[in-house]
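Engineer: Have a look at this prediction, sequence included:
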Number of protein chains: 2
Amino acid sequence: MALYTKSGILFLLMLLAFSCDESDSSKKNLKLASERPSLILTSKGVANIRANLGSIPLFDKALKKTKAEVDAEIENGIEVPIPKDYSGGYTHEQHKKNFFVMQKAGALYQILDDGKYAKFVKDMLIQYAKMYPTLPVHPKPRSYARGKLFWQCLNDSNWLVYASQAYDCIYDYLSSEERNKLETELFRPFADFISRGNPQFFNRVHNHSTWGNVAVGMIALAMDDDSLLQRALYGLKDVKMDANMKDNDGGFINKDGKIGFFANLDEPFSPDGYFTEGPYYQRYASYPFLIFAQALENKKPELRVLQYKDSVLLKSVTALINLSDADGDFFLLNDAQKGMSYYSSALVAAVDIAYHFGGNNPELLSIAQKQGEVTLDDAGLAVALGVKEVKAEPFIKKSIELSDGPEGDQGAVGIIRSGDLELVCKYTAHGLSHGHYDKLSYSLFDEGDEVVQDYGLARFVNIEQKGGGNYLKENKTWAKQTISHNTLVQNETSHFKGKYDIGSMHHSQQYLFSCEDENLQVVSAKEGNAYPGTELHRTMVVIKDKAFENPYVLDIMRVTSDSFNQYDLPFYYLGHIMQTSFEYSKLATPEILGSKNGYQHLYKEAAATTDGVNIKLNWLLNNKFYTYSAVTSPNDEVILARIGANDPEYNLRNEPTLILRKKNAKDALFVSTIESHGTYSPVSESAVNAYGNIKTISVFYNSKEYTAVQIEMKDETKKLFIISNQNNDKNTEHELTINNKEYTWKGPYKLIENI
Amino acid sequence: MALYTKSGILFLLMLLAFSCDESDSSKKNLKLASERPSLILTSKGVANIRANLGSIPLFDKALKKTKAEVDAEIENGIEVPIPKDYSGGYTHEQHKKNFFVMQKAGALYQILDDGKYAKFVKDMLIQYAKMYPTLPVHPKPRSYARGKLFWQCLNDSNWLVYASQAYDCIYDYLSSEERNKLETELFRPFADFISRGNPQFFNRVHNHSTWGNVAVGMIALAMDDDSLLQRALYGLKDVKMDANMKDNDGGFINKDGKIGFFANLDEPFSPDGYFTEGPYYQRYASYPFLIFAQALENKKPELRVLQYKDSVLLKSVTALINLSDADGDFFLLNDAQKGMSYYSSALVAAVDIAYHFGGNNPELLSIAQKQGEVTLDDAGLAVALGVKEVKAEPFIKKSIELSDGPEGDQGAVGIIRSGDLELVCKYTAHGLSHGHYDKLSYSLFDEGDEVVQDYGLARFVNIEQKGGGNYLKENKTWAKQTISHNTLVQNETSHFKGKYDIGSMHHSQQYLFSCEDENLQVVSAKEGNAYPGTELHRTMVVIKDKAFENPYVLDIMRVTSDSFNQYDLPFYYLGHIMQTSFEYSKLATPEILGSKNGYQHLYKEAAATTDGVNIKLNWLLNNKFYTYSAVTSPNDEVILARIGANDPEYNLRNEPTLILRKKNAKDALFVSTIESHGTYSPVSESAVNAYGNIKTISVFYNSKEYTAVQIEMKDETKKLFIISNQNNDKNTEHELTINNKEYTWKGPYKLIENI
């Protein structure tokens, strides 16, 4: 009987319609009968959600949390201040809060069918509609594309992406006069300003313009404005821009003339779903990409955007999860703040959308379970139902290579996982304006903790005390420079001279990636453009030896050059030195290591000259013991250094590095191993396996064609790893005689046990 | 029917005896009927354990783990090597493992009634009995009291404490010939060597001799040798020693002539159960103290050792738990390695014993639950039963003052707990040879994390790479020096000139400790001997203001002197500087701050000269924001420094400090506040309350009699804290006119709101 309310009857009819007849025509009729919401929530989805409420724990929990949050905001009252601050400041944070809350209130209105939420959204939008036409460009001047509500169009676009969803949710609640007012006085001018008003922002291939395109596209869909949608999808036509113009980060505005949402899908994503800027920015971009895809899927399914480029958007979600460590924190590639993870709200949405629209991959459910949250929409419902129905399966992260470049032929990221170790090797393209100059660099994680680190970025995002939470100058002078990474520096100069114009033209060459044998995984790549006339070839091998608790890493960096140079190979271990095998002289006071290219930020603390035997560094981190062993030549220099010089405002972290330096060398071979071998308990005060298992590593053979490294263990067993330097064909048979002994094998490399 | 086995009948009879008649005479008969085990396990206890096995989860789990461990050792076979190594080396670790395993195997024999465990113990003891008579003193020369199995008698004593328990457990399993052999060829000579053979080790008040006394006492009880027991309890009589002799740590061997177990109870423990060396060493000593007390309670209940000195041993266990942070890690007072906690096996035994023999305090059960372990004896059974019967109650750690000194009149440790903060103030006696020169120092914890740290010790216990795991020379040159602590240094010289002979003669004076009002907790103490002619008076106040999320700390360090001096007050914050309110010049390269007394280990990184307004330091640690504010006078110097100079082997941690320096001052007043006010999320990238709530602190009034500090909040409300500097009587009425306004109050201090 309670159903015989007006909306109740409709609701009942809808349910009947679904259960009795799922044919296309009935769907279409239904859609017409109840068009809104239609963007992210759909009328059908709302019905399903309402029908399941109270029995879908993940969704119910998210709803409860959101309701509490929005109720508190309604209680506080609406604040729409005149814009004036940078991020971290009051007006910035208030407008940011407003768009998040509006989107949530819109969803609550639909799900709970309570008019107070619609009224809240309406009242707030009306206030914006009153203020917006009066606004000049934002008073803060730092951006190349200043917004109106915020200091940059990027944040204005964020606002519109969320406001569009709120508008769609309350569309039917508004009178046509109200809709007309909002559309003509707020949304359309807003969309015009961030597009026509800022073509240097809108017409790019960049995460900024992705947000811009999507903002325009979302409001276009919400208003059913097809011409605006075309602008979003294909860019602003007939706008001429200087191809050499750059943004604040030093990136080209638009070198290739590619524009619009589809171009932003074409260009930065590789066919494997890797986003060229790196996982930190992929996470940031994933929200607009996926939320717009979801809206298009709902309103313009004929565009088949999720199937575009062999379903690259769906692939991008699993790629991103694979780009996280054991704790879900993203690997640091290019500009990236530590601690960002798949617990970010952008990833909650991404995982839900990928599950719902991507064939219900049960592994995504286990990520959603860890996230402990779902979005309040059709996708979130699907995930909550899947979890409730115990469909989740573990998302097992394996070794994987993710190609870079629109066609997947601009290098790659190679991730080797073995035991608790995760080795991340970078041989990609530059990564647009957020790229770092660190070809063939790597980082190493153990149980989700960084052991050999990538510095990340020099920025404290949204911490106002630190330069307004924006990029600090040390990002350019330190974090982007080659010496701040675990890769080779020639003559104290960064790769590509640290110049974006050059770096963005090149990428490294994948040589091989092999993870079929879990006891012997190999990644190898070459870089010939970082230093013209010099070729770098790095091979990293992760070997699992049954005799030892953990796998270990073998690193072979081979340098060939047509000139004599100084080569520095830094090793950014994290932790406390326990012991070194070599004698070093600690300086009375640290000296600055160099004058530029990042060297000015390093303090030299100690130095040693090698006598040609292995050097070993044994250190302790998080109560685990590690050992680095490296082959040296007589008179190589070892520098123990620390980050922090020329840092007048304490913007840098004072972390250590070991630099192995070869002077006046033409060709050079750097060979080292990294072992994770022991543990310490401060409670039982016992040290277990405090020393490594490797006794000596040595170069057994080295020619243009082959490099062979011998590893001798403490138990005196010996292994030999041979790699073919010029032929990576899997089926080629090789023969090599070393010290009168003949070695034969098939394929580019071979590990010979017990030689 | 299954009970009609031989042991079954006995078992049944025993149960009947207990259930029918609990009178003393029946107990006595029973004891006579089955004398062994009698030390830690008792025959009655064994019966109870056997009766409950399988239904006492904590005990069953411990038993299973122990069985697996001992079974593996039995499988491996017995190894009793000729002693030759320091700790960390093979023979040391093997003998150490042996005594642990023997003790466990003995318990397993009793509990599981399986002869293989008794045989294992017997075989191992026989091997020791064969080897021991042939052993010279240990070849490693570093100790003032070299052992035979180990490099120091301390470890030999460890061995005997555990071996005695094993011997008691298999006593009845052995033939009288076997017992005779073990007693005459192993145990008696062993006990004689660590006592008569090493009076400088045995006749002391020190944790070393506690172990020595207990080792002799335990084997005396196991062998029923009353004269040996007398030696343990009251020391070696008729031994003359030089009163000025010192041990390796620089502590006096025996200045007062006090000897034996009871002296070791009398001297280092205060009536509150605080152990003068500090919680790290209290934890180490607690095992022999409590295990011997348990054995005496079982075999010599007439000694009433647990009731001795108003039950000081039982009190010591709760004192020790109170000396741990929110995570159970012990506060750092004197020599102490970070990370040691009540999860240590010594504390498992201590908690179990204190529960079983100390009136079944249900709060101890919740600690046992966290430990997740119990000892395999009567005490462990009692705890496992208590937990099973859901008797556990939370152990709520409150603010507490723990007096120091045998009579409790040698200063104290004051711990103030408020919200998530724990403030630890040290105004104790010296702490024997492990004491640091840091009168009136403090450390601060937030949710169990150190925020303002005490450095701890310069040692990596049992990590062989670092000086054999022993004390490093930097312990003396850095960790013990005053400048390495959060307290005042006069003229770059440590308290008591850093001399043990002087420091050990003095203690600070408690002035007041008040924690009745949870919104206003105060600790105050004075030190007049650290620098003759200078008096230090420090008052620390923890204020909980309803307007703010967290409590904050007010620190008033008042210095009065009869001469002009330089005063340095270091502030060892942990974390990354976000912002300072003052301009500082960072040096191009760090300089060494001083030449001695710990200053030689500090790098000066930056400096500022103050203009008399507050200085503020805002920093980030573990994603929390903190702010330190301090009153300054014009031309005070601020030094930003870092630990690590003159550290040729990287033995120190490179952590920061801020030093506020007043030059050429006679009297001085250092006033500062510490706020924990905000959080940062690297996942949502949002900073909440990144700035502190305090606008300005200022000295409102300062005379010989009174000091008044005004705190002005950002909302412009003002508070005034007044303390009487010379009268700490609770009932005295005070009147003070400041700026024509009269303030009256009762007792030593007053906080006036909204002035």
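Structural biologist: Looks like it arrived, so ask away.

Engineer: quick one: buried residues of the top strand by length along chain A?
Structural biologist: The single longest strand within chain A, with elements called by DSSP state E, is strand A:668-681. Residues of strand A:668-681 classed as buried under the neighbour-count rule (16 or more other Cβ atoms under 10 Å in any protein chain shown) are A:668-680. Every C-beta, even on glycine, is put in place using the N, C-alpha and C of the backbone.

Engineer: and chain B, which of those reach it?
Structural biologist: Applying Cβ under 8 Å from any Cβ of the partner chain to the buried residues of strand A:668-681, one finds that A:Y680 fall near chain B.

Engineer: Could you find the closest non-adjacent residue to A:K246?
Structural biologist: Once flanking residues are discounted, A:K246 sits nearest to A:F252: 5.8 Å by Cβ to Cβ, 6 or more residues apart in numbering or on different chains.

Engineer: May I ask which helix or strand encompasses the one residue in the stretch 51-200 of chain A that gets nearest to chain B?
Structural biologist: When scored by Cβ to the nearest Cβ, the stretch 51-200 of chain A has A:G88 as its residue closest to chain B, at 6.9 Å. A:G88 belongs to no helix or strand when assigned by DSSP states H and E.

Engineer: The spatially closest residue to it that is not a sequence neighbour: what's it in contact with?
Structural biologist: Once flanking residues are discounted, A:G88 sits nearest to A:E464: 3.0 Å by Cβ to Cβ, 6+ apart. Applying Cβ atoms under 8 Å, 6 or more residues apart in numbering or on different chains, we find A:E464 in contact with A:86-89, B:687, B:690.

Engineer: Contact partners for the spatially most central residue of chain A?
Structural biologist: For chain A, A:P279 is the residue whose C-alpha lies nearest the centre (Cα atoms, centre = their mean; 0.9 Å). By Cβ under 8 Å, 6+ apart, the contact set of A:P279 is A:320, A:323-324, A:330-331, A:333, A:336.

Engineer: make it 7 Å
Structural biologist: A:320, A:323, A:330-331, A:333, A:336 (Cβ atoms under 7 Å, 6 or more residues apart in numbering or on different chains).

Engineer: ranking those by neighbours, who comes first?
Structural biologist: Counting neighbours by other Cβ atoms under 10 Å in any protein chain shown, A:L333 leads those with 29 neighbours.

Engineer: Confirm that one sits in a helix?
Structural biologist: No. Assigned with DSSP: H, G, I helix; E, B strand; the rest coil, A:L333 falls outside any helix and is coil.

Engineer: Per-residue pLDDT of it, please?
Structural biologist: According to the prediction, A:L333 has pLDDT 97.

Engineer: Backbone dihedrals for the closest residue to chain B within the stretch 601-750 of chain A, please?
Structural biologist: The nearest approach of the stretch 601-750 of chain A to chain B comes at A:P682, 2.8 Å away (Cβ to the nearest Cβ). Main-chain torsions, A:P682, degrees, to the nearest 10: phi -70, psi -10.

Engineer: interface residues of the stretch 251-400 of chain A facing chain B?
Structural biologist: A:337-341, A:343-345 (Cβ under 7 Å from any Cβ of the partner chain).
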